[in-house]
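Engineer: Quick one: sequence plus predicted model below, questions after.
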Amino acid sequence: MATQLKRFTISVTPSMEAELDSAKKELYYKGTKNDMIRDLIARGLATLRAEKAVGKEV
């Protein structure tokens with residue numbers, strides 16, 4: 001994991017909050033919420049890179 005982390009704040013909709021809470025309980029129960037959010041961001045960015053590589057628009 002990175003040794004220097006940057007802090008920022010995000011706002012989510014109530015439905016996103018419910019989905020994140022569910023994911024935390026079901027999939028990320030061993031880690032922190034911060035670890036979960038970092039993982040989800042990393043996965044989303046990887047998906048964007050993969051889509052860009054095959055020429056798929058978002």
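Structural biologist: Perfect, thanks for sending it. Numbers count the residues shown, from 1 in each chain.

Engineer: Report the buried residues of the host helix or strand of Ile41.
Structural biologist: Assessed by DSSP states H and E, Ile41 sits inside helix 33-53. Of the residues in helix 33-53, Met36 count as buried by neighbour count, 16 or more other C-beta atoms under 10 Å. Where you see a C-beta, it was placed from the backbone N, CA and C, and this is true even at glycine.

Engineer: Helix or strand with the lowest mean pLDDT in this structure?
Structural biologist: helix 33-53 (a mean of 95; mean pLDDT, DSSP states H and E).

Engineer: Just list what that one packs against, helices and strands only.
Structural biologist: helix 14-26 (3 or more C-beta pairs under 8 Å, 6 or more residues apart in numbering; DSSP states H and E).

Engineer: residue nearest the centroid of this structure?
Structural biologist: The centroid of the chain falls nearest to Leu40 when counting by C-alpha atoms, centre = their mean (2.0 Å).

Engineer: Could you list which residues are in contact with that one?
Structural biologist: Ala23 (C-beta atoms under 8 Å, 6 or more residues apart in numbering).

Engineer: Check the spacing between it and Gly55 real quick.
Structural biologist: Noted for Leu40: a distance of 25 Å to Gly55, by C-beta to C-beta, to the nearest Å.

Engineer: for Glu26, same thing?
Structural biologist: For Glu26 relative to Gly55 (C-beta to C-beta), the value is 34 Å.
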